[in-house]
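Novice: Quick one, structure for this:
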Amino acid sequence: MQGTFRKLTIINIYDDSKKQEVLPALTAFLDKESQLICPSSMDHLVILGDFNAHHHLWEEARNTHLCTPPEALEAVQHVIKLMADHDLQMALPRDKSTLQLTSSSNWTRLDNVLCTSHTLDSFTLCNMAPRRHSPCTDHVPIYSTLDLPIPRASMSVTFNYQDIDWDEFCSALNRNLAEFTDPEAIMTEEQFQATTTNLKTAMRLTIEQKVPKTKPSPHAKRWWTKELTLMMKRNNRLSDISYRMRKLPEHPSHAEHQRY
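Specialist: You can find the predicted model right below:
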């Protein structure tokens, strides 16, 4: 992506812990195409995804045993070399676990978000979201927000007809219609045109008074409902409690989250 913030390149990776082919290939690609990816020192590079590597730099202290095996030390060397060669920093803070093992329910960290050092100040948010932990998955999503100046298209205000209180709307419409002459049989074209104008005027006034206004989001889902929003909030709340009680495997919040 390019803009007034110069150039931003985002690379999403998955490195198989058994093959360990992605990071060496990525390093070679960055070395070869450095002028294409970051032609100047002020361009931005973000590398994120599943690195399948444990290290003391990002793991919680209780997971030290995962960082010491020879295979773990070998796997993490590719990540350390990548960070050193391209001046990359961790945008996701230390001790933020991103994966819950299905076998032991232990929380660990295999995912990471790396960025060029001058890009780190542009991150206003980079955190894992345990409340968005989807069912039947082990990885937890990571939410990142970068504050980069970009031109935005203006969004016009529209009426939100889905949130109308119809009782209030009908009452207001009756009051506005009462401002005009009483209904009568339409016999002439002039009566028809006048009645049509009065009806349109009453409808317009009622819509302006009782229909809430909204700015449409480009990410709006037309199929989404309020009921789904309430269900999502409850699931997020249960997931959040389950994560906070992760060191108490017998806590009832885990079973409640699974049932929901």
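Novice: Which strand or helix spans Leu114?
Specialist: strand 111-116 (DSSP states H and E).
Novice: and the helix or strand following that strand, what does it pack onto?
Specialist: Where DSSP H and E defines the elements, the next helix or strand beyond strand 111-116 is strand 123-128. Here strand 123-128 touches strand 142-146, going by 3 or more C-beta pairs under 8 Å, 6 or more residues apart in numbering; DSSP states H and E. Any C-beta I mention is one placed from the backbone N, CA and C, and that applies to glycine too.
Novice: buried stuff in the strand it packs on?
Specialist: Ile142, Ser144, Leu146 (16 or more other C-beta atoms under 10 Å).
Novice: Check stretch 231-244 too.
Specialist: Applying 16+ other C-beta under 10 Å to stretch 231-244 flags Asn235, Leu238, Ser239, Asp240, Ile241, Ser242, Tyr243 as buried.
Novice: what do you get for stretch 40-59?
Specialist: 43-55, 58-59.
Novice: residues in contact with Gln89?
Specialist: For Gln89, the contacting residues are Met83, Leu114, Cys115, Thr116, Ser117, Leu120, by C-beta atoms under 8 Å, 6 or more residues apart in numbering.
Novice: Just the closest of those to Asn12, please.
Specialist: Leu114 (11.6 Å; C-beta to C-beta).
Novice: gap between that closest one and Leu88?
Specialist: 4 Å (C-beta to C-beta, to the nearest Å).
Novice: intersection of neighbour lists for the two?
Specialist: Jointly contacting Leu114 and Leu88 under the rule C-beta under 8 Å, 6+ apart are Ile47, Leu82.
Novice: coming back round to it: Throw the buried residues of stretch 231-244 into CSV and include distance to Thr108, thanks.
Specialist: Listed next are the buried residues of stretch 231-244 as CSV, based on distance: C-beta to C-beta, whole Å:
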residue, distance to Thr108
Asn235, 23
Leu238, 22
Ser239, 17
Asp240, 19
Ile241, 20
Ser242, 16
Tyr243, 13
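Novice: Isn't Asn52 up against Ser17?
Specialist: Yes: judged on C-beta atoms under 8 Å, Asn52 makes contact with Ser17 at a distance of 4.0 Å.
Novice: Let me see the domain layout of this protein.
Specialist: Domain segmentation of the chain under automatic domain parsing yields 2-146, 158-214, 226-259.
Novice: Kindly check the end-to-end length of the shortest one for me.
Specialist: It refers to domain 226-259. Domain 226-259 stretches 22 Å from its first residue to its last (C-alpha to C-alpha, to the nearest Å).
Novice: Could you do the first one as well?
Specialist: Terminal residues of domain 2-146 lie 14 Å apart, using C-alpha to C-alpha.
Novice: quick one: that domain to chain centroid distance?
Specialist: 18 Å (C-alpha atoms, centre = their mean, to the nearest Å).
Novice: Check the average confidence over it, would you?
Specialist: Average pLDDT, domain 2-146: 89.
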